[in-house]
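Visitor: Quick check, what structure comes out for this input:
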Amino acid sequence: MAGSLENNQTDRKQADRPKKVRQKSLFGMIRHVMSLEWKKNPILLIFCILFASGMGVVSAANVFFKQTFFDAVSALVEGNATVSHAVLCGIGMAAFLVLTLALTAAAQLIFNNINMVIMGHMGTLLNDKASRVDPIVYEDNRYLDHINKAYVGMEAVATVVFTAMSIGLSDVAYFVFMGCYLFSIKPMLLVVFILSFLPTIIGSVIRRNMFAKMENLAAPYRRKYEYFEKCLCSREYAKETRLWRGERYFKRLFDKNLDGYTELQWKTSKRSELVMIALRFLLLSGYVGTIIMLFYYLFRGEVGVGAFAAIFSSLDQMFDSMDEVFNYEIGAIARNFGAAQNYYAFLNLEEREGVELDALPREIMELRGVSFAYPNSGKRALEQINLTVHKGETIAIVGVNGSGKSTLTRLLTGLYLPTEGEMLIDGRNAGEIAPKTLYRGISAVFQKYQSYKMTVAENVRISDMGKAAAKDGNVAADKNGADGTKTAVMDVLEKADFPVESEKLTEGLETMLGKDFGGIDLSGGQWQRLAIARGLYRAHDMIILDEPTAAIDPLEEADIYRKFAEISADKTAFIVTHRLGSAQIADRIIVMDAGRIVDMGTHEELMQREGKYREMYHAQAKWYA
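Guide: Here you go, the predicted structure:
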């Protein structure tokens, strides 16, 4: 048995470890982003490509108009041309410059628009993926780093792809056009021009690797300083932080991690800039070399005055464009490429798979020799759990803090799978069932419930947005009380004793909750009742209440649980509670201690035996005597 457990733990650790996935190439990123946009808005994508390409061609074509104008002026000086011809050439050159500026502005506008659209699509993909990965990964700090890097990487993908598109469409068109022009004037000019930038291309690859390595090291620092910033500034932590005078402590932690992040960036940027200085020196050498060659060919009569003037006046733009491409645009790709890879690494994370079933009645659930350990934990949260649950049973799970109660409920819902042993649902291993099927028909109210900054009605309906309102009522009727007909929303609010008629709820079910968006705030007990109503609203045949009544006094809690027992009469229900008086409504009570089930039975049976339950019950009774 020990050997088997050791092997299972090893397999679990290997499963927890992020898989090394094949890196996405630059062309793969472009293809992915373009396919996304093509599906959503092909016309915008076509316009983007046409404008970017046209901008490069038009910008390069200016050199021809310059040469024509300079040749016309030279001919005018020599008496071989008319003033009107020179003026006409000048107007043509000016018109082309205006066209270049217009195309540049239009292309920038379209690029900005398509960038925002693509970011929206990519964010949808990322959030969708986050909803499908195995929930256990959120218990692993390595995966939390992975997620943080993925969200940063989403913006990096947009930067990489659109910068690459700008280079590939606009800049390449410009340089191909200019290359052909230089070659037509003198082939050697093109050779020198190309040789000037070969070291720059190599340097760009070096810089890309530098920033990719930095991004992988920076994510833990970034995630920590963002969290400590939240401890300092967010509304969620403000009261406790101020009350305990924890500002200096959190600021010290914030500064420490921000300094670590900044130091990594500084070291990488410093090395990158040293590489860039060397590249700029080579670029300057090429620039000077091209000018010298131009003068040489001019004095030998191999290049005309017009061509010389056109190339000379365009040389700054050409080298500036090359500098922009290799040291800034490719530099931007280099800085962001590593982060962009993290986005695709997250999208490629393995998901829990299984067979999708049309129905999962949950007539019987069995846990056989189940043990469970959280990622990176040397201690098991559950150990050798054996339990059989029949449909329609109400089971209470009790025990001291840390005894494994909440972990057990997460396995029963299928959120987590056993580290050892097996969980069978209607005879089928839970690990073989698709999560979508497992979660269907299950509702839960957790101790750490969410307070959604939405209306009262939305706070309830969010648990089952596809559920239709009761056919004999609607929200408007409930809000106005016009016909007294109650909807499913009103029904569950009433069952949870939520004060719908309170004067605070000036807009009834449409009252906005939470001060973040101008709404009202509720007491802790009222938020809990709303969370309970949300759990009851979801269509379910199994429901779990995981200590959701901590902010409600014992008498009110007992009343809620009595109503809960009535509602769940024909459904499987689990109640996790530390107040043993409330556990008496259950058909069976499971007593847990140190991750094990140490006793089980009805309240009367457990009170008749010497054991943990009776000890806990008498200890609590003293507080209410």
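Visitor: Enumerate every residue touching N459.
Guide: With Cβ atoms under 8 Å, 6 or more residues apart in numbering as the criterion, the residues that contact N459 are Y452, L513, L530, R534. No exception for glycine: its C-beta is placed from N, CA and C like everyone else's.
Visitor: among the residues you listed, which are in helices?
Guide: L530, R534 (DSSP state H).
Visitor: of the contacts of N459, closest to E366?
Guide: For the contacts of N459, the residue nearest E366 by Cβ to Cβ is R534; the value is 29.5 Å.
Visitor: and the closest one, what pLDDT?
Guide: Listed pLDDT for R534 reads 86.
Visitor: What are the phi and psi values at the residue lying closest to it once chain neighbours are set aside?
Guide: With sequence-adjacent residues excluded and distances taken as Cβ to Cβ, 6 or more residues apart in numbering, R534 is closest to S463, at 4.6 Å. With angles defined as degrees, to the nearest 10, S463 shows backbone torsions of phi -70, psi -20.
Visitor: What separation do you get for S463 and L509?
Guide: Between S463 and L509 the distance is 15 Å, computed by Cβ to Cβ, to the nearest Å.
Visitor: repeat for L357
Guide: Spatial separation of L357 from L509 under the definition Cβ to Cβ is 35 Å.
Visitor: Please identify which of the two sits among more neighbours.
Guide: Neighbours around L357 and L509, counted as other Cβ atoms under 10 Å, are more numerous at L509. The numbers are 21 against 16.
Visitor: nearest spatial neighbour of that one, skipping sequence neighbours?
Guide: Residue nearest to L509 in three dimensions, not counting chain neighbours: A457, with 4.0 Å by Cβ to Cβ, 6+ apart.
Visitor: For the helix or strand encompassing that neighbour, C-alpha coordinates in CSV please.
Guide: Counting by DSSP states H and E, the secondary-structure element that holds A457 is helix 456-461. Taking Å, rounded to 0.1, in the frame of the first residue of the first chain, the C-alpha atoms of helix 456-461 are listed here in CSV:
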residue,chain,number,x,y,z
VAL,A,456,-30.4,41.9,-6.4
ALA,A,457,-32.0,40.0,-9.2
GLU,A,458,-28.7,39.5,-11.1
ASN,A,459,-27.0,38.3,-7.9
VAL,A,460,-29.5,35.5,-7.8
ARG,A,461,-29.9,34.7,-11.5
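Visitor: wait, what's in contact with I30?
Guide: V161, A164, M165, G168.
Visitor: Mind telling me the two of the contacts of N459 farthest from one another?
Guide: The span of those, defined through Cβ to Cβ, is set by L513 and R534 at 12.2 Å.
Visitor: Have a look at the two and say which one is more surrounded.
Guide: Counted by other Cβ under 10 Å, L513 and R534 do not tie: R534 has more neighbours, with 26 against 23.
Visitor: tell me the SS of F574?
Guide: Following DSSP: H, G, I helix; E, B strand; the rest coil, the label given to F574 is strand.
Visitor: now for the helix or strand hosting Y261, which elements pack on it?
Guide: With the criterion set as DSSP H and E, the secondary-structure element containing Y261 is helix 247-299. Secondary structure elements in contact with helix 247-299, counted by 3 or more Cβ pairs under 8 Å, 6 or more residues apart in numbering; DSSP states H and E, are helix 187-195, helix 198-233, helix 305-323, helix 330-347.
Visitor: Would you mind measuring from the residue nearest to K24 when sequence neighbours are not counted to L26?
Guide: Nearest non-adjacent residue to K24, counting by Cβ to Cβ, 6+ apart: Y344, 4.2 Å away. Going from Y344 to L26 by Cβ to Cβ gives 12 Å.
Visitor: neighbour-wise, which of the two wins?
Guide: A side-by-side neighbour count of Y344 and L26, using other Cβ under 10 Å, places Y344 first with 18 against 15.
Visitor: how close does that one get to G338?
Guide: The span separating Y344 from G338 equals 11 Å under the rule Cβ to Cβ.
Visitor: cool, A444 as well?
Guide: Plainly put, A444 is 39 Å away from G338 if you go by Cβ to Cβ.
Visitor: now M116
Guide: Taking Cβ to Cβ as the measure, M116 falls 24 Å from G338.
Visitor: helix, strand or coil for G402?
Guide: Applying three-state DSSP to G402 yields a three-state assignment of coil.
Visitor: any idea of the pLDDT on it?
Guide: Per-residue confidence (pLDDT) for G402: 85.
Visitor: how much space is there between it and A373?
Guide: Between G402 and A373 the distance is 14 Å, computed by Cβ to Cβ.
Visitor: same check, this time on M318
Guide: Here the distance between M318 and A373 works out to 63 Å (Cβ to Cβ).
Visitor: can you tell me the helix or strand for G421?
Guide: strand 420-425.
Visitor: neighbouring strands for whichever helix or strand comes after that strand, and are they parallel or not?
Guide: Next in sequence after strand 420-425, counting helices and strands by DSSP H and E, comes strand 428-429. Strands flanking strand 428-429 in the sheet, each with its direction: strand 420-425 (antiparallel) (DSSP bridges).
Visitor: Using PDB, write down the CA coordinates of the strand it pairs with.
Guide: What follows is strand 420-425, C-alpha atoms only, in PDB (Å, rounded to 0.1, in the frame of the first residue of the first chain):
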ATOM      1  CA  GLU A 420      -5.500   7.900  -4.400                       C
ATOM      2  CA  GLY A 421      -8.500   5.700  -4.500                       C
ATOM      3  CA  GLU A 422     -11.600   6.300  -6.600                       C
ATOM      4  CA  MET A 423     -14.900   8.100  -6.600                       C
ATOM      5  CA  LEU A 424     -17.700   6.300  -8.400                       C
ATOM      6  CA  ILE A 425     -20.900   8.000  -9.500                       C
END
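Visitor: Look at stretch 300-308 and report the distance between its end residues.
Guide: Using Cα to Cα, to the nearest Å, the span of stretch 300-308 from its first residue to its last is 12 Å.
Visitor: Using neighbour counts, pick out the buried residues of it.
Guide: If you call a residue buried by 16 or more other Cβ atoms under 10 Å, then stretch 300-308 has these buried ones: V303, G304, V305, G306, A307, F308.
Visitor: Roughly how far does Y227 sit from Y138?
Guide: When Cβ to Cβ is applied, the distance between Y227 and Y138 equals 15 Å.
Visitor: and if you look at R300?
Guide: For R300, the distance to Y138 - Cβ to Cβ - is 73 Å.
Visitor: same deal with G399?
Guide: Here the distance between G399 and Y138 works out to 24 Å (Cβ to Cβ).
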